[in-house]
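Engineer: The following comprises the amino acid sequence and a computationally predicted model.
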Amino acid sequence: MQEIFARTALTPQGWQDNVRVTIDDGGRIAAVVPGAAPGTAHVVPVLLPAPANLHSHTFQRAMAGLAERRGQAGHDSFWTWREIMYRFLDRLSPQDVQAVAAFAFMEMLEAGFCAVAEFHYLHHQPGGAPYDDIAEMSARVVAAAGETGIGLTLLPVLYRHGGADRRPLAGGQLRFGNDRDAFERLVTRAEAHVAALPGDARLGAAAHSLRAVEVDDIRAAVALRPQAPFHIHIAEQVAEVEEIRAVHGARPVAFLLGEVAVDQRWCLIHATHMEEAETRALARCGAVAGLCPITEANLGDGIFDGATFREAGGTLGVGSDSNVRISVAEELRQLEYSQRLGLRARAVLAPPGGSCGRTLYEAALAGGAQALG
């Protein structure tokens with residue numbers, strides 16, 4: 001048994017003083033006792049429940065800064081950033097991926113995240129040939145989580161096409177690609193690796209985006225682990241919305257909700273560009289909106305309609321995505337400040353009389369826990 005004593009702690013009953021937390025040998029919280037004496041417990045001034053990071057691509061931590069030079073064409077965007085990312089990842093070996101993931105996981109723990117959902121699509125060798133173990137790269141992420149002690153929900157990602165028109169993968173995308181049968185083998189092998197981690201580790205699945213897979217692919221991927229978390233990138237960029245509408249005749253979120261039974265096990269990453277009806281429909285279905293405010297600002301994605309989503313009862317959480325900056329506080333601050341800039345108002349996401357900090361922190365706790373399963 002281990003014990004932590006906090007002079008002040010945030011509990012489900014609110015702020016309480018002189019709180020002793022007992023942790024059993026299995027790593028679970030056994031008791032939370034306010035008004036206690038410290039005894040021999042490890043003493044800290046303030047104790048908070050730690051949120052989960054619901055969206056990360058750890059390998060991108062090593063390219064932070066590489067895309068911060070303006071291109072010769074004079075117009076930089078998400079799409080020009082993506083080309084730099086593709087060139088960068090072609091240099092990464094499995095050993096590199098493990099080292100970078102361990103470094104990023106360490107920084108997440110230092111920043112206050114207790115766990116992470118790794119949206120993992122870097123599967124194969126440069127050129128697209130699989131490793132002898134098709135889940136070699138997943139194993140490297142698992143090893144990094146074991147080394148650092150962070151809680152892990154691993155999300156192997158299905159990625160089949162280079163666009164919604166089903167054009168073939170090319171360049172850096174070749175390292176991402178699997179058909180359905182290969183993806184099923186990948187998930188099975190990844191599950192064997194995750195089994196080596198502590199009991200709070202989870203294996204879910206993900207589809208990269210509506211650009212990279214078809215609806216039947218999504219249904220097949222969801223069915224592989226029917227009770228597990230399922231994540232997807234969606235509606236991050238205006239050009240993406242236009243591409244999906246041109247191919248499918250509907251906006252991305254509206255199309256997905258109309259074709260697939262999206263529920264509480266789902267996390268829709270970004271969902272930046274939605275009309276009001278989509279925003280309210282997403283809130284009603286119970287899925288988590290996975291927001292990555294620092295990355296979304298860095299890439300120039302746009303502003304999520306947080307005010308409408310929260311008013312409609314939606315669940316949200318935050319992730320560090322490209323890991324250009326890893327900070328719980330800064331993700332929440334960027335989220336609130338983006339709303340203020342967009343609406344030219346203050347304290348947008350807090351309820352009447354409520355604290356912005358407390359509201360956003362507790363939202364991130366609930367949404368992150370749900371998204372990680």
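Structural biologist: Great, that's in hand. Numbers count the residues shown, from 1 in each chain.

Engineer: Only C-alpha atoms from now on, for both contacts and neighbour counts.
Structural biologist: OK.

Engineer: Can you give the distance from stretch 330-340 to the centre of its chain?
Structural biologist: 17 Å (CA atoms, centre = their mean, to the nearest Å).

Engineer: What of stretch 114-121?
Structural biologist: 6 Å.

Engineer: Contacts made by it with the rest, please.
Structural biologist: Applying CA atoms under 8 Å, 6 or more residues apart in numbering, the contact partners of stretch 114-121 are 50-58, 108-109, 138, 150-159, 176, 206, 208, 231, 372.

Engineer: Select from the residues you listed every entry located in helices.
Structural biologist: 108, 109, 138, 372 (DSSP state H).

Engineer: quick one: the closest residue in space to the first one that isn't next to it in sequence from residue 256, how far?
Structural biologist: Closest residue in space to residue 108, ignoring its immediate chain neighbours: residue 326 at 6.2 Å, by CA to CA, 6 or more residues apart in numbering. For residue 326, the distance to residue 256 (CA to CA, to the nearest Å) stands at 30 Å.

Engineer: Of the two, which one has the most company?
Structural biologist: Between residue 326 and residue 256, counting by other CA atoms under 10 Å, residue 326 is the more crowded of the two (25 against 16).

Engineer: ok, the more buried one touching residue 295?
Structural biologist: No - counting by CA atoms under 8 Å, residue 326 does not reach residue 295; the two are 10.0 Å apart.

Engineer: Find residues that contact each of those two.
Structural biologist: With CA under 8 Å, 6+ apart as the test, residue 326 and residue 295 both reach residue 320.

Engineer: Look up the pLDDT of the residue nearest to residue 109 when sequence neighbours are not counted for me, please.
Structural biologist: In space, residue 109 comes closest to residue 150 once its chain neighbours are excluded; the distance is 6.9 Å by CA to CA, 6+ apart. Note on residue 150: pLDDT of 98.

Engineer: Keeping just the C-alphas, turn stretch 66-85 into CSV.
Structural biologist: What follows is stretch 66-85, C-alpha atoms only, in CSV (Å, rounded to 0.1, in the frame of the first residue of the first chain):
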residue,chain,number,x,y,z
LEU,A,66,10.6,21.7,-38.8
ALA,A,67,7.5,23.2,-40.4
GLU,A,68,7.8,26.6,-38.9
ARG,A,69,9.7,28.2,-41.9
ARG,A,70,7.5,29.8,-44.5
GLY,A,71,7.6,28.1,-47.9
GLN,A,72,8.8,29.8,-51.1
ALA,A,73,5.2,29.7,-52.5
GLY,A,74,4.2,32.1,-49.8
HIS,A,75,1.0,30.2,-48.7
ASP,A,76,1.5,27.6,-46.0
SER,A,77,-1.3,25.4,-44.8
PHE,A,78,-2.1,22.0,-43.3
TRP,A,79,-1.4,20.5,-46.7
THR,A,80,2.1,21.9,-47.0
TRP,A,81,2.8,20.9,-43.4
ARG,A,82,1.7,17.3,-44.3
GLU,A,83,4.2,17.1,-47.0
ILE,A,84,7.0,17.9,-44.6
MET,A,85,5.6,15.3,-42.2
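
Engineer: what residues does that stretch touch?
Structural biologist: Stretch 66-85 is contacted from outside by 60, 63, 237, 299, 300, 301, using CA under 8 Å, 6+ apart.

Engineer: Show me what the mean pLDDT comes to for it.
Structural biologist: On average, stretch 66-85 scores 81.

Engineer: Wait, residue 339 touches residue 308, no?
Structural biologist: No - the criterion here is CA under 8 Å, and residue 339 misses it with residue 308 at 10.6 Å.
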